[in-house]
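[1] here are the coordinates; sequence isn't available:
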Ligand SMILES: [Mn+2]
């Protein structure tokens, strides 16, 4: 009889799909939960959908109808390892302001939603990213205290079809929506494409570090205040 029950257990286990998100026991459930979110944001100016998986591999599908912005958001996904699907339809016949700003809001909201209660995250990170002659630093605190410091001067007025002043707008929108204290500083550099691309790569790498679960504090909120 016991042999029959053991065989039955083995058989049932065989039927279960192999997924790392299965909760093996209730007290470990938080660390096995998936950190995914979807945001749909529709206004009279833009219609945006964003899907993110914070524990992904940097797979992306980005379609904003703004070539240079697509190039930057692909960097963001690739180097943060956040799987990201971003489909944006905006009033680009007016200019690129609304679509740029609103993708920053929607991606920020999606990351905040996916990060949930922020238990066990590393919270802080500071990275230096070079790109040829350019060096950029990004420091962040995933704190629910949105703040942007932006020390990036660009010599040219346009990159691709984008006005270069739009990049500060994107980072401002992102930091506010994500609830992140975000300091971006281009320390030196010459080429404006390199300067901006290094900002997005540094943001990506910084997000990867700060959102990572610290195995020593699983389920614990990294705050003496008890609230983030
Ligand atoms: Mn490039």
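    Nice, I can see it. Predicted model, so just to flag it, every value in this text is computed and none were measured. Residues are numbered from 1 along each chain as shown.

[2] mind listing the helices in this protein by residue range?
    2-15, 29-32, 67-80, 97-115, 166-178, 192-211 (DSSP state H).

[3] out of those, nearest to residue 228?
    helix 97-115 (9.8 Å; CB to CB). No exception for glycine: its C-beta is placed from N, CA and C like everyone else's.

[4] Work out the gap between the closest one and the centre of the chain.
    9 Å (CA atoms, centre = their mean, to the nearest Å).

[5] change the start of the numbering to 55 and stick with it
    Sounds good: first residue 55 from here, last item helix 151-169.

[6] could you check the angle helix 121-134 makes with that helix?
    20 degrees (axes from the mean of the first three to the mean of the last three CA atoms, to 10 degrees).

[7] Can you find the helix or strand in the chain with the smallest mean pLDDT?
    helix 83-86 (a mean of 44; mean pLDDT, DSSP states H and E).

[8] Run through this structure and note the low-pLDDT ranges.
    55-86 (pLDDT under 70).

[9] how long is stretch 166-180 from one end to the other?
    19 Å (CA to CA, to the nearest Å).

[10] buried residues in it?
    Of all the residues in stretch 166-180, those buried under the rule 16 or more other CB atoms under 10 Å are 166-169, 172-175, 177, 179.

[11] okay if I get those as CSV plus distance to residue 160?
    Listed next are the buried residues of stretch 166-180 as CSV, based on distance: CB to CB, whole Å:
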residue, distance to residue 160
166, 11
167, 11
168, 12
169, 15
172, 20
173, 24
174, 25
175, 21
177, 23
179, 23
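
[12] Tell me which two in the residues you listed are the farthest apart.
    By the measure CB to CB, 167 and 179 form the most distant pair in those, at 20.1 Å.

[13] State the distance from the nearest residue to residue 204 once chain neighbours are set aside to residue 176.
    Nearest residue to residue 204, sequence neighbours excluded (CB to CB, 6 or more residues apart in numbering): residue 222, at 5.0 Å. From residue 222 over to residue 176 the distance is 26 Å, taken as CB to CB, to the nearest Å.

[14] Could you report the separation of the spatially most central residue of the chain from residue 247?
    Residue closest to the average C-alpha location in the chain (CA atoms, centre = their mean): residue 165, at 5.3 Å. Taking CB to CB as the measure, residue 165 falls 25 Å from residue 247.

[15] What is the nearest of the buried residues of stretch 166-180 to residue 234?
    Looking across the buried residues of stretch 166-180 and measuring by CB to CB, the closest to residue 234 is residue 166, at 8.3 Å.
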